[in-house]
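Peer 1: Sequence and predicted structure below; questions after.
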Amino acid sequence: MGRSGLAPLLIALLWSSLALTSWNIHAAPDGLYNDFSAFHLVGRLARYGQAATAYDPVRFAKVQAGLWDVPGKFLWGYPPPFTLLTVPLSMLPQWLAFMLVLGGSLTAYLLVLKALAPNDFPVVLGVLFPTLIHVIEVGQNGLLMGAVAGWVALSVSRGRRNATGVALGLMSLKPHLAMGLVALTIMTGRWRALAMAALVALLLAALATWTFGWDIWAAFRNGLAASGEALHGAGLKLSWMTSPYGSLLSLGVPFPVALAAQGVVGLMALGAVGMARGLDWENRRQLGLAALASGLTSPYFYNYDLPVCGLAVALLRQDVARHASRAETILLLCLSWAPCTLALLQKHVAPGYSPPAVGGYALTLALPVIFRIVWRAERETASAQACFTGTRLSASTLWK
């Protein structure tokens, strides 16, 4: 099968997975199948004036125990504007809401990938395929946030500062996923875009406040505190974490050491973005490194958030194809597949087995490998430009 047939096949498989998961949600006797059940439940609480309950781990655990007999399965630490988005979902049956949200998110994300890598879309889709399947099966919002982050990248590459700001403002729904992109926006002095992003974030916050009242922010602080306590390892599914912090914590490394290591890696990732900006590398290369850095700056990063980093695959695919060695290409493919492939194997082959949290190591190792490849690509681009300039100078001298 050639490239022309690969993309339709993979897209068909993705939609088949979406339809199957929707059916499984519909067939679940108690309405609990995957993480989407939590979004639907929070929407129902918010719709009946109990949004603050979702942020209280004790009260929320009691609600879950009454519905599913699994108290404390989910914690809720999303900002109030995200909670507001769950309200319309609760007005639909859970299976239908899942199909609409995940189907729309998947479509938007695929369109972004196609726009970023029009000539390499089948290859990019193949590299990200296990990640996309995993996000669909767990019912998470990684595709949605990946599509919004992709909108940021597309807007930057096309010089649309207002659109860049709107997309960055929407990333305030999960702000820890946008650190690399925000850092690049600051480094490039796109102040108009940053002002627009702040305005959008404030409008979302105002709408949530108008809907839920001022007390929702105090509840949100309590939810953040509970999530912060969970970051020590209790209640977290460490095998799904793809931050260096989570990978180290899964090995029993003490919390302060794991957090310090996360800080070092995050600074290295932002430093790579800063170096690319300082050396005035090609726009798409800066954006690719920023997308990758967005997955390395926060300790609270899961394998279902990887579509944000997946934008780097689309943005840097040409450089990998032309300037990576075979060993580097194979290594990057393995690093891309490892986190979510292990999660899928755990679910379908060995449900009782908890695989190691390899995602943090994969992302950390990918950073220097990708940076080295892009460095080589940029040097060749500079050499070609210098050669072209020299040729033009010689021709103009000849005609004098």
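Peer 2: Nice, I can see it. Residues are numbered from 1 along each chain as shown.

Peer 1: How about the backbone phi and psi for Glu282?
Peer 2: Note on Glu282: backbone dihedrals following degrees, to the nearest 10 are phi -50, psi 150.

Peer 1: Number of residues surrounding it?
Peer 2: By other C-beta atoms under 10 Å, 16 other residues sit near Glu282. Yep, even glycine has a C-beta here, placed from its N, CA and C like the rest.

Peer 1: How about the contacts made by it?
Peer 2: Glu378, Thr381 (C-beta atoms under 8 Å, 6 or more residues apart in numbering).

Peer 1: Next one: it from Gly43, what distance?
Peer 2: Relative to Gly43, Glu282 is positioned 42 Å away (C-beta to C-beta, to the nearest Å).

Peer 1: Can you give me the neighbour number for Leu207?
Peer 2: Count around Leu207 with other C-beta under 10 Å applied: 13.

Peer 1: List of residues touching the helix or strand containing Leu181?
Peer 2: Using DSSP states H and E, the element containing Leu181 is helix 179-187. Contact with helix 179-187 is made by 149, 152-153, 156, 164, 168, 171, 193-194, 197, 266, 269-270, 273-274, 277, 286-287, 289-298, as judged by C-beta under 8 Å, 6+ apart.

Peer 1: and it, how far from the chain's centre?
Peer 2: 15 Å (C-alpha atoms, centre = their mean, to the nearest Å).

Peer 1: For that helix, which residues meet the burial criterion?
Peer 2: Met179, Gly180, Leu181, Val182, Ala183, Leu184, Thr185, Met187 (16 or more other C-beta atoms under 10 Å).

Peer 1: Beyond that helix, next helix or strand please.
Peer 2: Using DSSP H and E, the helix or strand that directly follows helix 179-187 along the chain is helix 191-212.

Peer 1: For the following helix or strand past that next one, name the packing helices and strands.
Peer 2: Note on helix 191-212: by DSSP H and E, the next helix or strand toward the C-terminus is helix 215-230. Counting contacts by 3 or more C-beta pairs under 8 Å, 6 or more residues apart in numbering; DSSP states H and E, helix 215-230 packs against helix 51-55, helix 80-89, helix 191-212.

Peer 1: for those, which one sits closest to Asp305?
Peer 2: Among these, the nearest to Asp305 by C-beta to C-beta is helix 80-89 (13.9 Å).

Peer 1: Could you list the low-pLDDT ranges of the stretch 51-200 of the chain?
Peer 2: Applying pLDDT under 70 to the stretch 51-200 of the chain flags residues 71-72.

Peer 1: show me where it has helices.
Peer 2: 51-55, 57-68, 80-89, 94-116, 121-138, 142-157, 161-170, 179-187, 191-212 (DSSP state H, counting those that start in this stretch).

Peer 1: Select, out of those helices, the one closest to Leu231.
Peer 2: helix 57-68 (13.5 Å).

Peer 1: Enumerate the positions of that closest one that are buried.
Peer 2: Applying 16+ other C-beta under 10 Å to helix 57-68 flags Pro57, Phe60, Ala61, Val63, Gln64, Trp68 as buried.

Peer 1: Please apply the same query to stretch 189-208.
Peer 2: Here stretch 189-208 shows Arg190, Ala193, Leu194, Met196, Ala197, Val200, Ala201, Leu204, Ala205, Ala208 as buried, counting by 16+ other C-beta under 10 Å.

Peer 1: so the fourth one sits right up against Ala167, yeah?
Peer 2: No. Under the contact definition of C-beta atoms under 8 Å, Met196 does not touch Ala167, with a separation of 9.3 Å.

Peer 1: and for these two, which residues touch both?
Peer 2: If you check Met196 and Ala167 against C-beta under 8 Å, 6+ apart, no residue is contacted by both.

Peer 1: so how far is Arg192 from the closest residue to Gly180 other than its chain neighbours?
Peer 2: Nearest residue to Gly180, sequence neighbours excluded (C-beta to C-beta, 6 or more residues apart in numbering): Ala293, at 3.2 Å. Distance of Ala293 to Arg192, given as C-beta to C-beta: 23 Å.

Peer 1: Any chance of TSV for the helices and strands packed on helix 215-230, columns distance to Pro175?
Peer 2: Listed next are the helices and strands packed on helix 215-230 as TSV, based on distance: least, C-beta to C-beta, whole Å:
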stretch	distance to Pro175
helix 51-55	17
helix 80-89	10
helix 191-212	8
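
Peer 1: the inter-axis angle of the helix holding Leu181 versus helix 191-212?
Peer 2: Relative orientation of helix 179-187 versus helix 191-212 (axes from the mean of the first three to the mean of the last three C-alpha atoms, to 10 degrees): 130 degrees.

Peer 1: Report the inter-axis angle for helix 179-187 versus helix 161-170.
Peer 2: Going by the same axes, to 10 degrees, helix 179-187 makes 140 degrees with helix 161-170.

Peer 1: Dump the C-alpha coordinates for helix 179-187 into CSV.
Peer 2: Extracted in CSV, the C-alpha atoms of helix 179-187 (Å, rounded to 0.1, in the frame of the first residue of the first chain):
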residue,chain,number,x,y,z
MET,A,179,4.1,26.9,28.2
GLY,A,180,6.4,26.4,25.2
LEU,A,181,4.1,28.3,22.8
VAL,A,182,3.6,31.2,25.2
ALA,A,183,7.4,31.4,25.8
LEU,A,184,8.0,31.6,22.0
THR,A,185,5.3,34.3,21.7
ILE,A,186,7.1,36.3,24.3
MET,A,187,10.5,35.7,22.8
